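# Attaching a predicted model along with its sequence, questions to come.
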Amino acid sequence: MRLLAVLAVVIQAPIQGDISPDSAEALRDRARAAERAYEFLLRSMAPSRFGTSSSDRCDEVVGRFCLRYEGSGTRRSDPEVPGKVISARQLAVEMLRQAFAVFPHDISTAGPLLRYLVEDGRAEEALAAARAFTWASGDSVWGPLLEGYALHATGDDSTAEARFDQALARIPREARRRFERVSYLVALKERKVYDALMDAEQEIYEEALWRLSDPLYLTPGNERRVEHIARHVWSRLLSDAPVVYRMQRWDDDLEQLTVRYGVPSSRERLVNWSAMISETMVEYFDPDQLAYVPETLRTEGFPGAPPPGDPWPLDNERARSGFAVRSIRRLVHLDHQTSRFPVGDSVVLRVDGALAFDSAADPRSGVRAALFLLDRDYRHSQRQDGAARISGDTATATFEAVLPAERVVYSLELLEPESRLAGRARYAIDLSEISGPGLLLSDIVVAHPYGDGDLPTGRHDPELRPLTRLVVAPGDTLGLYAEAHRLMPAADEATHYAVRLRMRRAAEPALLARAVGWIGRKLGLSEEREAPSLEFEGEGVAGHPAVLAVDLPLGDLATGLYALELTVTDLIADRSRTVIRLVRVGEPKR
C-alpha cells in the first residue's frame, strides 16, 4: 500500500484507461521537447558580458575545457535564474511527469524527472519519484541509486549512503570500481602512486581517504563520499540529456569535471567582439565549496595544523575537488591549541578549541562538542563527547586523550544544532616527538597571563587558561606553561634544572609552502633584536615533573611569525631538551 500511495503522489493525475502506443510515444516526445527547451533557455538566457577567452590563461586543461581558479578576492555570487528559465524547467517537470505515468519503469524518463525536481528545489518529490521507479521497474541497481541521489538532495546522507552501498554491491566489480575510484580527486603525483596499486590496495586507500574526507564525524553518514557517488549518478543522467545549442556533448572530460566539482551553479556568455562577435560559454561551480579530500595522502600524508594565522587548508582555491555540505549551514575553521604531555610510554594530547557564533547562531540551544582520534592507519580509535562551555558569543571545549606515541589524526568538532553552524579542526600530529628515553618536555602551552594571581601547579589547575588562537597583539603578555619529566634526582632527592626561554622570528618563506602538510618542515629561525627572553634555574621533587609557569611580556616586538623556544637542561644528568611553539604577533596580511 505504501508504494502504491507513493506512486499516486508522483503521478498526481494518473492517466486512466488504456493508452495507445502512439499516444504514449507522443507523451515521451513532448517530454523530450520540453527538456530541450529548458536546456536551451538555461544557456541562451545566461547573463552576458564582453571579454576574451584565451587558452593560455588556463590553470588546467581538462579535455576540451579550460579550467581556471578564482581567488577569494574575485569570488562572485550566482545570479538569479530568470523566471522564464524556471517556468521552462517546471513545464519540463510536468511533461516528464505525464510520461512517467505511462513509463514509470523507464530510466530515460525517471532520470531527467528526478534531476529537474532536484534542480527546482523539490527533493522530496524527487525521492517519491525514485521510489516509484524502484517499485515499477524492479531495478535493484538503478532503483537504489536514484533513491540515494534523491535522499542526498534532501540532506538524509546516512540513508542515502546505505542505498548507494546496496546498489554498488549488486553490480559487476569493474562497473562498481568506476563509481569508487578517486583518480580524478588526487594530485597528479599522488595519482601515479594510487593507479599503481592493486585493486585491493586501492580499496584500502579509498576507505582511508573517505574517512578523512568526511566533513563532520558529529553528523551521521559521510556526506563527501555520498556526494562522490551522487555525482556519478548525476553524470549518468547528464550523459542522456538532449544536446542543444551552446552545449557540449557528454564525454570523459565532462564526467571528470562533474565528479570533481559537481554541476555548474551558474553560467555566463562571454562575447568577444574582436573575433567577429564569437561567444564562449563560461560555467561556474559553487563558490562555497571546500576542499575536503586530502590530495596527497600517500606521497605526503595527512597535513598537520598550519602556522597560526595561515589560511585554512579546506579553503584552498586551487583544490582538485570541492563540495558544499547541505546538512550544515556553514563550516568554519575552529581556532584551537594542541598540547602534548609525556605520561610513561604514552602521550596525553590536550586540545582546547573555540567557536565564535555568527548572527544566525543561537547559543541558548547548546553546542555539541566532540574529539575524534584516528590512528596511524587513519582508522577511528577514540571518540569523546561533551557539551561546550558558552561565554558570550563564543563556545569553548577542552578534551584530553591518552594515546600511543605515534602519528595520529585528531578532529575537534563543535556544532550549534539550531542554526547548523559548525567548526572543525582536523589535522595530523606526531606524538612521538615528545617521547623516548631520558629527559622529556611537554609542549609549551600559551595561555592568558597569570598576573598577580597564583601560578598553576598542574595542567588541570583553573589558573591555566590556554589560548585557542595563537595570533596575539603586539604588546601583549603571554602566560606560558610547560612540564619537564624524568629529571634525574641529586643526592638530596631534589631535581635541579636550568631553563632558557627565548622568542625568535620564524622565516616565513621556509614555513609557508602551503600546498600540503606542515609536518616535518624545518623552521628558518633568526634572532630578533630586543626579542623577549628568560633564563633561570629551579629545583623540584624527585619522581615528579617540574612545572614551568611564567608570564612573558612581548614588549614592542614587531609583527610576524615567531617561534617560542624552550630549552630545559637537567643539571644532574647534563642533558638538554628543546621544544618550539609557533605564535604570530599581529594579524597576517592577506
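Arrived safely.
# Residue 203 contacts residue 180, doesn't it?
Yes - taking contacts as CB atoms under 8 Å, residue 203 lies within contact range of residue 180: 7.4 Å. Yep, even glycine has a C-beta here, placed from its N, CA and C like the rest.
# Of those two, give the one with the bigger neighbour count.
residue 180 (18 against 13; other CB atoms under 10 Å).
# any chance you could read off phi and psi for that one?
Here is the backbone geometry of residue 180 (degrees, to the nearest 10): phi -90, psi -30.
# Within the helices and strands, which one has residue 205?
Here residue 205 sits within helix 199-213, counting by DSSP states H and E.
# got the buried residues for that helix?
Buried positions in helix 199-213, judged by neighbour count with 16 or more other CB atoms under 10 Å: 202, 205, 206, 208, 209, 210, 211, 212, 213.
# same deal with stretch 497-511?
Using 16+ other CB under 10 Å as the test for burial, stretch 497-511 gives 497, 499, 501, 502, 503, 504, 505, 506, 507, 511.
# Show me those that map onto strands.
Of the buried residues of stretch 497-511, the ones assigned to strands by DSSP state E are 497, 499, 501, 502, 503, 504, 505, 506, 507.
# and the gap between the second one and residue 456?
Which is residue 499. Look at residue 499 and residue 456: by CB to CB, to the nearest Å, they are 16 Å apart.
# And the last one, by the same measure?
Separation of residue 507 from residue 456 (CB to CB) stands at 33 Å.
# what comes into contact with stretch 25-44?
With contacts defined as CB atoms under 8 Å, 6 or more residues apart in numbering, stretch 25-44 is touched by 82, 84-85, 88-89, 91-92, 94-96, 98-99, 102-103, 109, 112, 116, 241-242, 244-247, 267, 269, 281.
# what ranges do the strands span in the stretch 1-150 of the chain?
Using DSSP state E, counting those that start in this stretch, the strands found in the stretch 1-150 of the chain span residues 48-50, 60-62, 65-67.
# Which secondary structure elements does the first one sit against?
Right, the one you point to is strand 48-50. strand 266-272 (3 or more CB pairs under 8 Å, 6 or more residues apart in numbering; DSSP states H and E).
# Buried residues, the strand it packs on. List them.
Within strand 266-272, the residues that qualify as buried by neighbour count (16+ other CB under 10 Å) are 266, 267, 268, 269, 270.
# tell me the contacts of the second one?
Read it as residue 267. Residue 267 makes contacts with 42, 43, 46, 281, 282, 283, 284, as judged by CB under 8 Å, 6+ apart.
# lowest-pLDDT helix or strand in the chain?
Lowest mean confidence among the helices and strands of the chain (mean pLDDT, DSSP states H and E): helix 2-11, at a mean of 39.
# Residue 385 is in what secondary structure piece?
If you go by DSSP H and E, residue 385 is part of strand 380-387.
# how big is the angle separating that strand from helix 199-213?
Comparing the axes of strand 380-387 and helix 199-213 via axes from the mean of the first three to the mean of the last three CA atoms, to 10 degrees yields an angle of 20 degrees.
# follow-up on the earlier one: next, format the buried residues of strand 266-272 as JSON lines and append pLDDT and distance to residue 535.
Putting these into JSON lines (pLDDT from 0 to 100; distance: CB to CB, whole Å) gives the following:
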{"residue": "266", "pLDDT": "90", "distance to residue 535": "61"}
{"residue": "267", "pLDDT": "89", "distance to residue 535": "65"}
{"residue": "268", "pLDDT": "89", "distance to residue 535": "63"}
{"residue": "269", "pLDDT": "86", "distance to residue 535": "68"}
{"residue": "270", "pLDDT": "83", "distance to residue 535": "64"}
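# just the residues you listed now: which is nearest residue 548?
Taking CB to CB as the measure, residue 266 is the one of the buried residues of strand 266-272 closest to residue 548, at 56.1 Å.
# Now do the buried residues in the longest helix anywhere in the chain.
Looking across the chain with DSSP state H, the single longest helix is helix 21-44. Within helix 21-44, the residues scored as buried using 16+ other CB under 10 Å are 24, 27-28, 30-32, 34-43.
# cool, stretch 462-477 as well?
463, 464, 465, 466, 467, 468, 470, 471, 472, 476.
# Take those residues and keep only those in helices.
Per DSSP H, the subset of these in helices is empty.
# What is the most widely separated pair among those residues?
The distance between the two most remote of those (CB to CB) is 22.9 Å, for 463 and 471.
# Show me what the closest residue to residue 51 other than its chain neighbours bridges to in the sheet.
Counting by CB to CB, 6 or more residues apart in numbering, residue 51 lies nearest to residue 270, which is 5.0 Å off, once chain neighbours are set aside. Note on residue 270: beta-bridge partners by DSSP bridges are residue 49, residue 280.
# Am I right that residue 270 is in contact with residue 246?
No - using CB under 8 Å, residue 270 is not in contact with residue 246, being 11.4 Å away.
# got any ranges where the protein has weak pLDDT?
For the chain, the stretches with pLDDT under 70 are 1-18, 20, 22, 52-56, 71-77, 273-278, 508-530, 590.
# How is residue 568 assigned, secondary-structure-wise?
Here residue 568 is strand, with the state taken from DSSP: H, G, I helix; E, B strand; the rest coil.
# Distance of it relative to residue 495?
11 Å.
# Just give me the neighbour total for residue 552.
21.
# One more: the one 4 residues further on?
The criterion is other CB under 10 Å. On that basis, residue 556 has 8 neighbouring residues.
# Would you agree it is in contact with residue 473?
No - with contact defined as CB under 8 Å, residue 556 does not reach residue 473; the gap is 11.9 Å.
# Please report the separation between the first and final residues of stretch 292-301.
Stretch 292-301 has an end-to-end distance of 14 Å (CA to CA, to the nearest Å).
# Bridged to residue 415, which residues?
Residues in a beta bridge with residue 415, per DSSP bridges, are residue 368, residue 422.
# for the protein, what spans make up the helices?
Assigned by DSSP H, the helices in the chain fall at 2-11, 21-44, 83-102, 107-119, 123-137, 142-154, 157-168, 173-180, 188-195, 199-213, 223-239, 252-261, 508-511.
# and residue 349, which of these is closest to it?
Nearest of the helices of the chain to residue 349, taken as CB to CB: helix 199-213 at 17.8 Å.
# For that closest one, enumerate the helices and strands it packs against.
helix 173-180, helix 223-239.
# tell me the angle that helix makes with helix 173-180.
20 degrees.
# Residue 586 against residue 556, yeah?
No - Residue 586 is beyond contact range of residue 556, at 11.8 Å (criterion: CB under 8 Å).
# what do the two both touch?
residue 474.
# Alright, calling it a day.
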